[in-house]
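1. fold the following, please.
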Amino acid sequence: MSFGENGVRKVEPNSGRNLTSRASCLWPAFALVEKPQSASSNPERNQHGARPAQGGRYPTMMTVIPGTVWDAGVSLVALLDHVKWHSVALILDLNSGSADAGRIQGRSTSLLTALHKRSRVIICETLHQPLRQLATAYDLDMTTRNEYVFLYVYILQIPTERPAEWHENDQLDKKVKAVFGSTLVIRTGEPKWEEIDGIMERIIRRGSEMFNETYDKANKFNEFAVGCYGSVELLISTLNNTYLAGGSTKLNSPAEFLRSLKNRTIQLTFERYVFLPDGTRAPNMVLQRFDTASARFQVRLQTSSSPKRRHA
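-> Below is the predicted model:
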């Protein structure tokens, strides 16, 4: 790649593999930006350095989601640095609710028209429905010469914010599928939905009964609920192996429970939890690329879950 007139990035005609393939092949499992361990446990002092450590200001609070916004951001920067994409464009949806998402759908044409001559790498931070409007890229001939790559970053899947999906049985399907062929996704590792289908079925049916809501099988795909289930099982498992089992270690407070997780790997029913030396859960971020044969995004690379090192 080179810079042409007015600073516009251009792809050399004989530059070889397309951008999407180049990124998914070269990105070495997120071990690209390794942050030093911080001596401070104060989250405020860590906000511009290492990933915030467990404890400090809120010693009894933790997250069991396998990746945070911090992890996703560092992973994105690692990718951009590794493939030397130093000039990118960003489409950001300022509407925080799904009900407002439709307001920006009609603006994607003008946005992409302005951007497609100025950057070959476009980061899309939108909700699911506006993301489908990237079909505009097909109309602008941004999908035929392998000159553009689109990056989509999100943390987890909940019923109102689904992952990128091309098949909606509408007039945009063909165009969106073509754009997704030039799209890379950075996200946390997905649960094995087929293995947890039974427990998720029980969770949503119980919720429907308790709150008098109509049953919807789409609600089974809720990674927040998966995390809540895992956190309860983690607590039960830890108590069973200590105080309740007559072990020598007794957990007298929530803070002691959290401290007991440091440098540990705990196998639960559906997932393995790996905790780092500072007590945070090891991130499990993945890079996905669209597979044209299956028409689905598939994992190409993921983080290491070793508790001995902190990978970005």
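2. contacts, neighbours, all on C-alpha from now
-> OK.
3. which residues of the chain fall in strands?
-> Taking DSSP state E as the test, the strands found in the chain are 2-3, 9-10, 89-92, 121-125, 149-153, 183-188, 265-267, 272-274, 285-291, 296-302.
4. so which of the ones you listed is the most packed in?
-> strand 183-188 (a mean of 25; mean count of other CA atoms under 10 Å).
5. which neighbours does it have in its sheet, and in what orientation?
-> In the sheet, strand 183-188 lines up against strand 149-153 (parallel), strand 285-291 (antiparallel) (DSSP bridges).
6. of all those, which one comes closest to residue 165?
-> Judged by CA to CA, the one of those that comes nearest to residue 165 is strand 285-291, at 10.3 Å.
7. what sits up against that closest one?
-> Contact with strand 285-291 is made by 20, 24, 66-67, 71-72, 75, 180-189, 296-303, as judged by CA atoms under 8 Å, 6 or more residues apart in numbering.
8. quick check: which ranges of the stretch 101-250 of the chain have low pLDDT?
-> Scanning the stretch 101-250 of the chain for pLDDT under 70 picks out the ranges 101-109, 127-130, 243-250.
9. all helices of it, in order?
-> For the stretch 101-250 of the chain, the helices defined by DSSP state H, counting those that start in this stretch cover 108-115, 128-132, 136-139, 173-180, 197-211, 223-240.
10. the shortest one: which residues count as buried?
-> I take that to be helix 136-139. 136, 137, 138 (16 or more other CA atoms under 10 Å).
11. over to the fifth one?
-> By 16+ other CA under 10 Å, the buried positions in helix 197-211 come out as 200, 201, 203, 204, 205.
12. list the contacts of the second one.
-> Under the criterion of CA under 8 Å, 6+ apart, the neighbours of residue 201 are 217, 220.
13. which among the strands of the chain is found nearest to residue 111?
-> Here strand 89-92 is closest among the strands of the chain (CA to CA), at 7.9 Å.
14. now the strands of the chain in JSON lines, with distance to residue 175?
-> Formatted as JSON lines, the strands of the chain follow (distance: least, CA to CA, whole Å):
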{"stretch": "strand 2-3", "distance to residue 175": "28"}
{"stretch": "strand 9-10", "distance to residue 175": "24"}
{"stretch": "strand 89-92", "distance to residue 175": "19"}
{"stretch": "strand 121-125", "distance to residue 175": "17"}
{"stretch": "strand 149-153", "distance to residue 175": "14"}
{"stretch": "strand 183-188", "distance to residue 175": "13"}
{"stretch": "strand 265-267", "distance to residue 175": "42"}
{"stretch": "strand 272-274", "distance to residue 175": "38"}
{"stretch": "strand 285-291", "distance to residue 175": "14"}
{"stretch": "strand 296-302", "distance to residue 175": "15"}
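15. all set now, cheers.
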